[in-house]
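# Quick one, structure for this:
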Amino acid sequence: MDCDFILLSCILTPIEGEDINTPAVFGEYIDIYDVSRAIEDGATVPIYYTSRLVKLDITGEGKKLIEEFDGEMDRKEEEEEENPDIIRKRNAGLALLVGNKERRELIT
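Sure, this is the predicted structure:
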């Protein structure tokens, strides 16, 4: 049985940089449907972005996490090659600090 196949891809955020390039992987764009066109078509409402800065309350434990994180960044490449889980575990602690419940409530 003969079949013709087409590689069809829907890329929501195409990337074009020095080390990665969406068109190089999937081919040239056949259509670009951006937010401004979607608004014109009535498919979506205008999107407005509001930048908010929320103070980060850092405890002694939080300061220690940041210092550890800074030290890890200095050794990041070396340690990631040896054991990527080390960096992930420390980054999880930093994410908990930044994403604590009180701070999230101020943002939303």
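# in the protein, which ranges drop under the pLDDT threshold?
1-12, 76-82, 84, 86-87, 90, 107-108 (pLDDT under 70).
# Spatially central residue in it, please.
Thr13 (11.4 Å; C-alpha atoms, centre = their mean).
# Just the helices from the protein, written as ranges.
Secondary structure of the chain (DSSP state H): helices at 22-26, 35-41, 60-82, 84-98, 101-107.
# could these be laid out in TSV, adding distance to Val54?
From N, CA and C alone the C-beta is placed, and that goes for glycine too. Converted to TSV, the helices of the chain look like this (distance: least, C-beta to C-beta, whole Å):
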stretch	distance to Val54
helix 22-26	33
helix 35-41	26
helix 60-82	15
helix 84-98	10
helix 101-107	5
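# Please render these as CSV that adds mean neighbour count and distance to Tyr49 to the earlier fields.
Below are those laid out as CSV (neighbours: other C-beta atoms under 10 Å; distance: least, C-beta to C-beta, whole Å):
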stretch, mean neighbour count, distance to Tyr49
helix 22-26, 13, 24
helix 35-41, 11, 11
helix 60-82, 12, 28
helix 84-98, 13, 20
helix 101-107, 10, 13
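# Nearest to Arg52, out of these?
Among those, the nearest to Arg52 by C-beta to C-beta is helix 101-107 (6.1 Å).
# Not counting its own residues, what contacts that closest one?
If you take C-beta atoms under 8 Å, 6 or more residues apart in numbering as the criterion, helix 101-107 is touched by 52, 54, 56-57.
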